[in-house]
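1. need a structure here:
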Amino acid sequence: MIDLDRNNQTTIIQFSSRNTDNQQWDIVPAEQGFWFIRNAMNGAALTAMDSRNSTQVRGTPFTGSPNQQWRITPATDGNALIANRIGKGLDIPNGQTRDGVQINTYDVNGEPNQRFMFRRLADLARPIERGPDRDRNVDHDRDGDDWDREHRWERYYGRFDEREHRWGMAGDGVCF
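-> Prediction:
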């Protein structure tokens with residue numbers, strides 16, 4: 001999970017799922033095609049700190065600036081690629097799997113260490129229903145022959161709620 005470190009409340013790390021508010025994120029619209037990713041614990045925005053490769057991302061106070069805007073697009077396996085406005089993707093350095101690894105940005109290459117799966121918070125609170133079209137975390141059409149990006153995102157990851165002006169269902173956030 002992507003985690004806002006509770007110790008300093010600015011460092012973005014990878015950490016095992018604990019279903020705590022520092023691992024929960026609201027995804028709200030920014031400028032066309034971009035999103036703000038804000039932490040549920042303190043409202044900090046996921047922020048690209050520099051345009052160089054291997055620069056750590058931080059949770060900083062929300063300003064709405066371009067370095068807090070992210071594009072979310074499908075990867076080849078149906079998971080999400082998350083890139084900032086200048087095209088650098090969220091990246092787990094060297095594909096490390098241990099807790100505490102600091103998340104950075106790097107040229108988008110689509111490798112597994114840049115692919116993320118969103119889970120709606122409502123899905124974490126109840127068991128996942130199994131069966132055709134019920135498991136929101138499985139791509140039943142991996143060959144992509146009838147890929148429809150907009151509807152696919154809605155089917156597997158939720159939707160943009162116009163009333164709440166946020167991604168997901170009313171009252172939901174995501175973990176990724």
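2. Report the buried residues of stretch 72-82.
-> I72, P74, A75, G78, N79, A80, L81, I82 (16 or more other Cβ atoms under 10 Å). To be clear about C-beta, it is placed using only N, CA and C from the backbone, and glycine gets the same treatment.
3. my bad, should have said stretch 57-77
-> 57-60, 62, 67-72, 74-75.
4. nearest to V101, of these?
-> V57 (12.2 Å; Cβ to Cβ).
5. three-state assignment of the closest one?
-> The local conformation at V57, judged by DSSP: H, G, I helix; E, B strand; the rest coil, is strand.
6. Name the nearest residue to it, sequence neighbours excluded.
-> Distances taken as Cβ to Cβ, 6 or more residues apart in numbering put I12 closest to V57, at 4.9 Å, once the chain neighbours are dropped.
7. Identify the residues contacting that neighbour.
-> I2, D3, L4, D5, L46, Q56, V57, R58, G59, Q102, I103 (Cβ atoms under 8 Å, 6 or more residues apart in numbering).
8. The same query, at a cut-off of 7 Å, please.
-> By Cβ atoms under 7 Å, 6 or more residues apart in numbering, the contact set of I12 is I2, L4, L46, V57, R58, G59, Q102, I103.
9. swap in S51?
-> Counted by Cβ under 7 Å, 6+ apart, S51 has contacts I86, K88.
10. one more time with 6 Å
-> I86 (Cβ atoms under 6 Å, 6 or more residues apart in numbering).
11. Tell me if I am right that it is in a strand.
-> No: counting by three-state DSSP, S51 is located in no strand; its state is coil.
12. pLDDT weak spots in the chain?
-> 122-174 (pLDDT under 70).
13. in it, which spans are strands?
-> With strands called from DSSP state E, the chain shows them at 2-4, 12-14, 25-29, 35-39, 45-48, 55-60, 69-74, 80-84, 88-91, 104-107, 119-120, 160-161, 166-167, 174-175.
14. Nearest approach to T97 belongs to which of these?
-> T97 lies closest to strand 12-14 among the strands of the chain, at 7.8 Å (Cβ to Cβ).
15. rewinding a little: so can I have CSV of the buried residues of stretch 57-77 showing distance to M117?
-> As requested, these are exported to CSV (distance: Cβ to Cβ, whole Å):
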residue, distance to M117
V57, 18
R58, 23
G59, 20
T60, 25
F62, 25
N67, 24
Q68, 22
Q69, 21
W70, 16
R71, 17
I72, 12
P74, 11
A75, 10
